[in-house]
Every structure is written in structure tokens, then in C-alpha cells.
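Visitor: for reference, the sequence and a predicted model appear below.
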Amino acid sequence: MPETFRMITVFGSTVLDQIGAVPRLPARGETVVGGSFTVAAGGKGANQALAACRAGRRVRFISAVGDDPFGTQALALLRKDGVDLELVKTVKEPTGIGMIVVDSGGENAIAVLPGANRAVSESDAERALDGMRAGSILMMQEEIPAESNRRALELARKRGVRTLFNTAPFLDTTTELAKQASIVIANEVEFGALCHTSGASLDEAMQDHARANEQIVIVTLGPGGARAATGTEIFHAPAAAILAVDTVGAGDTFCGYLAAGLDAGVGLEAAMHRAAIAASLTCLKRGAQPAIPWSKEVDIFAATLTP
């Protein structure tokens with residue numbers, strides 16, 4: 001067992017996003033002629049790792065890429081900004097790809113081809129948890145195999161590691177896995193699928209779910225910000241008023257900044273407010289990782305909101 005350490009650990013996916021700008025999202029079976037095309041690093045795990053790093057925390061990332069130019073490109077910003085990539089492995093499968101179209105209002109449709117992310121294994125989960133001490137943060141999403149996430153959650157519980165579990169993309173196994181996390185982060189659609197609660201208000205459903213599973217539940221609401229339920233309290237963090245260019249990566253930025261705030265010892269409500277501002281700023285630029293703001297940018301914008 002290595003010496004224990006304190007650092008945010010992100011266990012998740014790496015993807016290279018291919019992004020097309022279109023006037024509107026196509027309907028089923030429809031072809032829409034678009035404009036610009038860009039390629040940018042992405043993947044929910046990689047995005048969240050970079051966001052936590054840009055928020056000012058030490059971060060290590062456990063993932064997999066292919067032995068191809070896409071793999072090098074997908075890791076470039078993380079390497080440049082100082083994310084620890086020692087446990088990112090290179091495999092024979094091609095690097096994961098995200099195929100994204102973004103409309104003129106910033107809304108998007110995404111298809112992910114997992115590629116090398118399928119190779120993130122239970123043994124990688126064990127490597128991720130090796131040396132983590134009680135109270136440290138493990139951040140997870142669902143673009144890697146469910147059994148690998150299950151193993152990571154199991155080990156985290158045994159070791160007292162605090163887990164942030166983002167329920168995207170929502171899968172058949174999500175409900176089972178989410179129950180094991182310390183903090184669950186879902187958008188409104190995902191939360192509806194998670195709790196299957198009808199007739200209750202959002203706050204009531206969140207509180208019920210938080211109490212039933214002895215965890216914190218956070219629901220992101222896009223322009224409506226985010227809400228959190230602890231089982232006894234409800235917090236709301238408003239989004240900043242901005243004109244969105246591209247919403248890709250906003251949810252991941254929220255997750256990364258939230259983890260960074262909690263890792264720094266900031267309370268839940270304050271961490272959520274900062275994360276909501278960072279997520280809003282992400283929507284001002286195209287692409288996932290290139291749009292993630294630095295801590296100083298969030299500070300400057302937050303200062304303009306202070307009465």
C-alpha cells in the first residue's frame with residue numbers, strides 16, 4: 001500500500017470531441033446543413049478533471065486512450081494544465097470519440113463512441129483507490145463500464161472516501177450505482193429517471209431521495225442553476241445571466257468546480273454557487289475543455305455579482 005495522499009481523483013472517460021455548428025438541431029431522419037467544424041478534447045471524466053484543476057486543486061486522472069493521434073490530442077490540455085496522468089493507460093482500442101452538433105442557441109445533441117473507455121477496468125478502480133485516505137474525493141461519471149464504477153464505489157465506501165457520482169449518461173445500472181455515492185449530481189431529466197417520483201415537487205423528491213439513501217442530491221437546472229438536498233436542508237445556486245454560445249461541458253465544469261470547493265473545505269452552498277458561475281462561463285465559448293474557465297476568471301465574474 002503506498003503512502004496515503006490528499007488529491008482529487010477522477011475516474012472516468014477520455015474522448016476527442018468533433019463539433020459541428022448548425023442553425024438548429026435536426027429532427028429524426030433529417031439532414032441540416034451546418035457551418036463551422038472544430039475538434040476539441042472532451043469526455044466527461046477528462047472535462048471534470050480539467051475543471052477541478054483549473055479551479056486550483058491538485059487532480060489525478062484514471063482513464064484510457066488509444067495508441068493513436070486522437071489519444072495524444074485528447075490529453076493535451078490536461079497535461080499542459082498539470083493534471084496527473086500517470087494512471088491513464090494506452091490500449092489497442094481507438095480513442096473514444098464524441099460526435100456533437102450545436103445549434104445557434106447553444107443547445108446540443110451528442111453521440112459518444114466509447115472506444116478505449118471500454119477498457120477502463122475493475123483493476124483500474126482498485127488502482128484509483130489505492131492510497132486514497134478517508135475524506136478525500138473521488139469523482140465519477142458513466143462513460144466507462146458500470147462494473148468498474150461499481151468496484152470503485154465499493155472500495156470508496158470501505159475506505160471512507162467521499163464520492164461524487166454524476167449520473168450522465170443515464171444507464172440501466174445508474175439507479176443501483178447512485179445509491180452507493182456520497183453525493184449524486186444529476187440534471188432534471190436524469191433525476192426524474194432516478195427517483196421515479198410522481199406528484200411530488202422537485203424539492204420534495206430530492207429530500208425524499210437524500211433521506212432514503214443517506215446522501216446529498218444535487219440537480220442541475222441549466223439556466224435555472226442548481227439545487228441541493230441534504231435530507232434536512234435545501235440549497236439553491238443560481239446560474240449567471242449570460243447569452244449561451246455552447247452548453248457542451250457546462251455540467252462537467254459544475255462537477256469539477258464543486259469537487260474543488262469541497263476539497264478546499266468550502267461548505268456545500270458556497271461550493272455550489274461558485275460551481276454554478278463557472279458552469280455559466282463555460283457556455284460563453286465553444287467546445288468542452290477549451291471553454292472551462294480558470295479560477296481567476298470565475299473570481300472576476302463573481303465580483304461583478306456582489307451587491
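Guide: Thanks, I have the structure now.
Visitor: is it fair to say I277 lies in a helix?
Guide: Yes: membership of I277 in a helix is supported by DSSP: H, G, I helix; E, B strand; the rest coil.
Visitor: let me see the contact set for T90.
Guide: Contact analysis of T90 by C-beta atoms under 8 Å, 6 or more residues apart in numbering lists 64-67, 71. Where you see a C-beta, it was placed from the backbone N, CA and C, and this is true even at glycine.
Visitor: just the ones of the residues you listed in strands?
Guide: 64-66 (DSSP state E).
Visitor: what is the nearest of these to R150?
Guide: The nearest member of the ones in strands among the contacts of T90 to R150, counting by C-beta to C-beta, is A64 at 17.4 Å.
Visitor: correct me, but the closest one touches L87?
Guide: No: the pair A64 / L87 is not scored as a contact, 9.8 Å apart, by C-beta atoms under 8 Å.
Visitor: what touches both of those two?
Guide: Residues touching both A64 and L87 (C-beta under 8 Å, 6+ apart) are D124.
Visitor: higher neighbour count, these two?
Guide: A64 (25 against 16; other C-beta atoms under 10 Å).
Visitor: the more buried one and T90: what is the separation?
Guide: Relative to T90, A64 is positioned 7 Å away (C-beta to C-beta, to the nearest Å).
Visitor: surely L281 forms part of a helix?
Guide: Yes: membership of L281 in a helix is supported by three-state DSSP.
Visitor: apart from its chain neighbours, what residue comes closest to it?
Guide: The shortest distance from L281 to any non-neighbouring residue, by C-beta to C-beta, 6 or more residues apart in numbering, is to P293 (4.3 Å).
Visitor: also D252?
Guide: Closest residue to D252 apart from its sequence neighbours, by C-beta to C-beta, 6+ apart: N47 at 3.6 Å.
Visitor: contacting residues for that neighbour?
Guide: With C-beta under 8 Å, 6+ apart, N47 has these contacts: 249, 252-253, 256, 288-289, 292.
Visitor: tell me which of these has the lowest pLDDT.
Guide: Least confident entry in those, by pLDDT: A288, with 82.
Visitor: now that residue, nearest residue through space, not along the chain?
Guide: Leaving out its chain neighbours, the residue that sits closest to A288 by C-beta to C-beta, 6+ apart is G249, at 3.3 Å.
Visitor: noted, bye for now.
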